[in-house]
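# model the structure of this input:
(one chain, ligands or ions: 2)
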Amino acid sequence: MDLVNYLPDRLMFAVPKKGRLYEKCLSLLKGADIQFHRSNRLDIAICLNLPIALIFLPAADIPTFVGEGRCDIGITGYDQVMESAVDVDMGIDLNFGKCKLQIQVPRNGAYQKPEQLVGKTIVSTFTNLTRQYFEKLEGVKSGEPLKTKIKYVGGSVEASCALGVGDAIVDLVESGETMKAAGLCAIETVLATSAHLIVSRHPSQPQLVDLIKSRLEGLLAAQKYVLCNYNAPRDRLPELLKVTPGRRAATVSPLEEENWVAVSSMILRKEMANILDHLKKLGASDILVMEISNCRV
Ligand SMILES: Nc1ncnc2c1ncn2[C@@H]1O[C@H](COP(=O)(O)OP(=O)(O)OP(=O)(O)O)[C@@H](O)[C@H]1O
Ligand SMILES: O=P(O)(O)OC[C@H]1O[C@H](OP(=O)(O)OP(=O)(O)O)[C@H](O)[C@@H]1O
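Ligands and ions are numbered 1, 2, ... in the order given. Now for the predicted structure:
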């Protein structure tokens, strides 16, 4: 039976059902006011305030569902999209789930360079990306036989070298703790990844897709920027506005006190401390910084 027939007129939104991306996805959905109730053990949740059905799937399967148009949009890692080699719109980089897919070998072992692994056995969950990497390294065409043997395992890849399953692994690294604990070190980065909102090439409700994208972009901007307000003598304005130009332009309002203005401008959170120091030096006073809980940009 085709599930889609039971969910007419709803945008199908695929969300990781567990793992590293799960909690962040739930907080994004909350921030975007996509309300739902999920029954225990059920992988489908009907959205309460928008015509959306949330489908909870393994992150690795989401590219296939979106690529085949069974789901209209989904959240998963860039790595999973590249591994699946599906044709989807890469939508929005959500700026979490950041890590690197790296070639790892036993520390102080025989291998220091990827070239030394040609003809050896490499273990990974990402067998397609690993194959593509070694095809390039060996100089063979896509799909042609490789000297290097590539083995699939579904998880705990880091145990493979110690257990003699392979000579090296290709696995994700974030903090490096897992790699270190397994006695491995990285010798090459195959791919850098982060979570993306991916969109089918032919979504059923493009306007609703745009609404969700706009809400998520608003949330991302709210994380990236803070609102900076300050007062300043009007004649210092040209210099000050170079420091706080705003995303489009700063808002400048006259104060009751003659020749003084109030300025309001979004500034990058990561540059906040330097910007405040600079504003003070240039004669600004009463400098305030406020969190932006949500916005549309
Ligand atoms: N250590 C990490 N740090 C940041 N992002 C990660 C990390 N590990 C994985 N990811 C991202 O999360 C995606 C899903 O990985 P995860 O290991 O959670 O998969 P899973 O198999 O669905 O879950 P589990 O490992 O719990 O079975 C990866 O494809 C990657 O984009
Ligand atoms: O560099 P680190 O911060 O240690 O993170 C890397 C680990 O995270 C992922 O696995 P996860 O813990 O999600 O479980 P898995 O091994 O079952 O996929 C990945 O496969 C590594 O094992």
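# could you give me the buried positions within stretch 50-64?
For stretch 50-64, burial by neighbour count (16 or more other CB atoms under 10 Å) applies to 50, 52-57, 59-64. In this view, the C-beta of every residue, glycine as well, is placed from N, C-alpha and C.
# in the residues you listed, find the pair that's most separated.
The span of the buried residues of stretch 50-64, defined through CB to CB, is set by Leu50 and Ala60 at 26.6 Å.
# tell me which strands the lowest-mean-pLDDT helix or strand in the chain pairs with, and in which orientation.
In the chain, the helix or strand scored least confidently by mean pLDDT, DSSP states H and E is strand 44-46, which has a mean of 93. Each strand that strand 44-46 pairs with, and the sense of that pairing, follows from DSSP bridges: strand 52-57 (antiparallel).
# what's the spacing between Met90 and Val289?
Here the distance between Met90 and Val289 works out to 33 Å (CB to CB, to the nearest Å).
# more neighbours: which of these two?
In this view Met90 and Val289 are compared by other CB atoms under 10 Å, and Val289 has more residues nearby, 15 against 11.
# residue contacts, that one?
Applying CB atoms under 8 Å, 6 or more residues apart in numbering to Val289 gives the contacts Val226, Leu227, Cys228, Asn229, Ile267, Met272, Leu276.
# which non-adjacent residue is nearest the third one?
Spatially, and ignoring its direct neighbours in sequence, Cys228 is nearest to Ile267 (4.7 Å; CB to CB, 6 or more residues apart in numbering).
# so Val199 makes contact with Asp87?
No. Counting by CB atoms under 8 Å, Val199 does not reach Asp87; the two are 11.2 Å apart.
# more neighbours, these two?
The neighbour comparison of Val199 against Asp87 (other CB under 10 Å) goes to Val199, with 22 against 12.
# which ones are touching that one?
Under the contact definition (CB under 8 Å, 6+ apart), the residues listed for Val199 are Val66, Asp72, Ile73, Val88, Asp89, Gly91, Val209, Lys213.
# related to what we said a few turns ago, tabulate the buried residues of stretch 50-64 (CSV), appending distance to ligand 2 and pLDDT.
Converted to CSV, those look like this (distance: CB to the nearest ligand atom, whole Å; pLDDT from 0 to 100):
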residue, distance to ligand 2, pLDDT
Leu50, 30, 96
Ile52, 27, 97
Ala53, 26, 96
Leu54, 22, 97
Ile55, 21, 96
Phe56, 17, 97
Leu57, 16, 97
Ala59, 10, 98
Ala60, 10, 98
Asp61, 14, 98
Ile62, 15, 98
Pro63, 17, 98
Thr64, 18, 98
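# returning to that earlier point: and the residue nearest to Cys228, how many neighbours?
Neighbouring residues of Ile267 were enumerated by other CB under 10 Å; the total is 22.
# same question, Pro233
With neighbours defined by other CB under 10 Å, the count for Pro233 comes to 15.
# how about Val226?
Counted with other CB under 10 Å, the neighbours of Val226 add up to 19.
# what distance do you get for it to Cys295?
Summarising the geometry, the distance separating Val226 from Cys295, computed by CB to CB, is 11 Å.
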